[in-house]
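[1] based on what follows, work out the 3D shape:
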Amino acid sequence: MKPSAQGSTGVPPAVRVPQQLAAARGEHTHGERPVPPIGVARPRPEGCVPEPRTERTRTDDAVAPQVRADRPPAEPPVRPVVQRASVRGQILDALRTALVSGELRPGEVYSAPVLGDRFGVSATPVREAMQQLALEGAVEVVPNRGFRVVERGARELGELAEVRALIEVPVMLRLARTVAVERWAELRPLAEATVRAASTGSRAAYAESDRAFHRAVLALAGNDQLVQIADDLHRRAQWPLVGAPASRGRAELVADAAEHTALLDALIAGDVDVVRALVGEHFMGAR
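    Got it, this is the predicted structure:
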């Protein structure tokens, strides 16, 4: 038989009603502060002025950090600037030099891993550099083998010289009439640099100084697109031809460099007729 829920006196034990439940009923428990029902304001003692309430949300506490008035907000840490040379750019310059010097021969196929071993790098930067040369028209992709150096003939070289003349000659003639003598004199070191490079007999060294001089002349026109297009055509014209010697002779390079100094002298003198003759001869010699 289960024991009775009543005590020995027969009176049920007192059941404690939670304050929240009592508040909901409008009641209060004995000996405890009454809790007003939900929605009913707690009475205040006389003479008590209520404090102003401010709205606070959980989002404000979670998002807005507590910042002391006497301490400025912490600044983000300054990251050191890391400067690293571009391996791809260095390989691209080396391959362009090899093309101009004839070290990379027209018609030959070269694989990226083999060239990577030669330069002491992985095949990835070599492959990326070769892709750039393919965009420039210097090489073509051979699937599963590598890259073949494009074979060019005299006709293509002549076409490049003709296009260069169509672009550069009118610009140089216009500049000869408008550019101040002092500006032309500033290009004297570049013209002399072509002579020094030619005297070494290095076709690659002369090719770079040759393009630098032409870029500086065309830059006086203030047209960046003109300089970029003309320089690209000039670079293509420097690649060796099929069956041609691996490099131009030193005497030929020196003669070509001498045309730069003569052209600069005519530009400084403002002699447009001499400029026209020299520029035409310069581009005809590039055929």
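
[2] what sits against residue 141?
    Residue 141 makes contact with 131, 134, 147, according to Cβ atoms under 8 Å, 6 or more residues apart in numbering. For every residue, glycine as well, the C-beta is placed using N, CA and C.

[3] which among those count as buried?
    Buried subset of the contacts of residue 141 (neighbour count, 16 or more other Cβ atoms under 10 Å): residue 147.

[4] from the contacts of residue 141, which land in helices?
    131, 134 (DSSP state H).

[5] need the contacts of residue 141 in CSV (columns: distance to residue 193 and pLDDT).
    Formatted as CSV, those follow (distance: Cβ to Cβ, whole Å; pLDDT from 0 to 100):
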residue, distance to residue 193, pLDDT
131, 31, 94
134, 31, 95
147, 32, 96
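
[6] would TSV of the contacts of residue 141 with distance to residue 196 be doable?
    TSV is the format used below for the contacts of residue 141 (distance: Cβ to Cβ, whole Å):
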residue	distance to residue 196
131	34
134	33
147	33
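
[7] from the contacts of residue 141, pick the one nearest residue 235.
    residue 134 (14.2 Å; Cβ to Cβ).

[8] isn't that closest one right up against residue 148?
    No: assessed by Cβ atoms under 8 Å, residue 134 is found out of contact with residue 148, at 9.8 Å.

[9] can you give me the helices in the stretch 51-200 of the chain?
    58-63, 87-101, 112-119, 123-136, 154-178, 181-185, 188-200 (DSSP state H, counting those that start in this stretch).

[10] what sits up against the longest one?
    Spelled out, it's helix 154-178. Contacts for helix 154-178 (Cβ under 8 Å, 6+ apart): 214, 217-218, 220-221, 226, 229-230, 233-234, 236-237, 241, 266-267, 270-272, 275-276, 279-280, 283-284, 286-287.

[11] buried residues, it. List them.
    So, applying 16+ other Cβ under 10 Å, buried residues of helix 154-178: 156-157, 160-161, 163-165, 168-169, 171-172, 175-176.

[12] which stretches of the stretch 151-287 of the chain have low pLDDT?
    243-248, 285-287 (pLDDT under 70).

[13] redo that, cut-off 50
    For the stretch 151-287 of the chain, no stretch is flagged by pLDDT under 50.

[14] so what sits against both of residue 134 and residue 148?
    residue 140.

[15] which one of the buried residues of helix 154-178 sits closest to residue 103?
    For those, the nearest to residue 103 is residue 157 (19.3 Å; Cβ to Cβ).

[16] narrow the contacts of helix 154-178 to those that are buried.
    Buried, going by 16+ other Cβ under 10 Å: 214, 217-218, 220-221, 230, 233-234, 236-237, 266-267, 275, 279, 283, 286, out of the contacts of helix 154-178.

[17] which ones among those lie within strands?
    Among the buried ones among the contacts of helix 154-178, no member is found in strands (DSSP state E).
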